[in-house]
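*Asks:* My questions are about this predicted structure, shown below with the sequence.
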Amino acid sequence: SAVISQKPSRDICQRGTSLTIQCQVDSQVTMMFWYRQQPGQSLTLIATANQGSEATYESGFVIDKFPISRPNLTFSTLTVSNMSPEDSSIYLCSVERQNTEAFFGQGTRLTVV
Amino acid sequence: GDSVTQMEGPVTLSEEACLTINCTYTATGYPSLFWYVQYPGEGLQLLLKATKADDKGSNKGFEATYRKETTSFHLEKGSVQVSDSAVYFCALKRSNDYKLSFGAGTTVTVRA
């Protein structure tokens, strides 16, 4: 298993500002991912956080809006930039070791006002 | 592309009732199948999984069998408790890929 600590757990932000979410894992992992869960909906993969290189973004998500860092094998950040109310969601960090199931952080509940 | 179709909710039932949440999938090859649960205010937790046809995953009284002939992975529990109230997500992952494809989620409420 993997213990994932995600911070902050929730925040209320003003539109036009940016929020950086941190994800810390208790051991080295190969793969780290960021998901968005909009109210009442399923999870959508935003990007794969690659250690030492640029993240790989899914269709509909761009680096300018969701810059991601991954400086090492246990830590990643996701920034939600220039926020609007439509960005109000739960953002989830997920990790996976090779050939095992994915583990999720407890999520960051973001409300943009 | 890959997709997961999950029974829509919400589902409300009484304690000790039987629960079934239907899940069917479309994917090439032989994906692994998962059920994740999200309790109120929390992140997702893996409930059970199956990696090949006819495998049965089980945990906390829940079961699901990987049925390749019907491309299904229905979740069942014979006697639910109030503590089972949560959102349940069916998901798949192809063997040559790391991405999870999720169903829409089914909200289950168990009343005492």
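*Replies:* Perfect, I can see it now.
*Asks:* From here on, just use CA atoms for contacts and neighbour counts.
*Replies:* OK.
*Asks:* Burial check on residue 48, number of neighbours?
*Replies:* In the absence of a named chain, chain A is used. 23 (other Cα atoms under 10 Å in any protein chain shown).
*Asks:* meant chain B actually
*Replies:* 21.
*Asks:* For residue B:87, see how far away the closest residue in space to residue B:86 that isn't next to it in sequence is.
*Replies:* With sequence-adjacent residues excluded and distances taken as Cα to Cα, 6 or more residues apart in numbering or on different chains, residue B:86 is closest to residue B:39, at 4.6 Å. Separation of residue B:39 from residue B:87 (Cα to Cα, to the nearest Å): 6 Å.
*Asks:* More neighbours: the two, which one.
*Replies:* residue B:87 (22 against 15).
*Asks:* Which residue comes closest to the residue in chain A that chain B sits nearest to once chain neighbours are left out?
*Replies:* In chain A, the residue that lies nearest chain B is residue A:106 (3.8 Å; Cα to the nearest Cα). Nearest non-adjacent residue to residue A:106, counting by Cα to Cα, 6+ apart: residue B:43, 3.8 Å away.
*Asks:* Let me see the confidence value for that neighbour.
*Replies:* pLDDT recorded at residue B:43 is 83.
*Asks:* list the contacts for it?
*Replies:* A:92, A:104, A:105, A:106, A:107 (Cα atoms under 8 Å, 6 or more residues apart in numbering or on different chains).
*Asks:* Select from these the one having the most neighbours.
*Replies:* Busiest of the contacts of residue B:43 [other Cα under 10 Å] is residue A:107, holding 29 neighbours.
*Asks:* What segments of chain A are strands?
*Replies:* In chain A, the strands defined using DSSP state E lie at A:4-7, A:10-13, A:19-25, A:31-37, A:43-49, A:56-57, A:68-72, A:75-80, A:89-96, A:102-104, A:108-112.
*Asks:* Make CSV out of these and add distance to residue B:81 and mean pLDDT.
*Replies:* CSV is the format used below for the strands of chain A (distance: least, Cα to Cα, whole Å; pLDDT from 0 to 100):
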stretch, distance to residue B:81, mean pLDDT
strand A:4-7, 28, 94
strand A:10-13, 29, 96
strand A:19-25, 32, 97
strand A:31-37, 26, 93
strand A:43-49, 26, 94
strand A:56-57, 40, 95
strand A:68-72, 40, 95
strand A:75-80, 37, 97
strand A:89-96, 27, 93
strand A:102-104, 24, 89
strand A:108-112, 27, 96
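*Asks:* Check the ones you listed for me and report the most buried one.
*Replies:* strand A:89-96 (a mean of 25; mean count of other Cα atoms under 10 Å in any protein chain shown).
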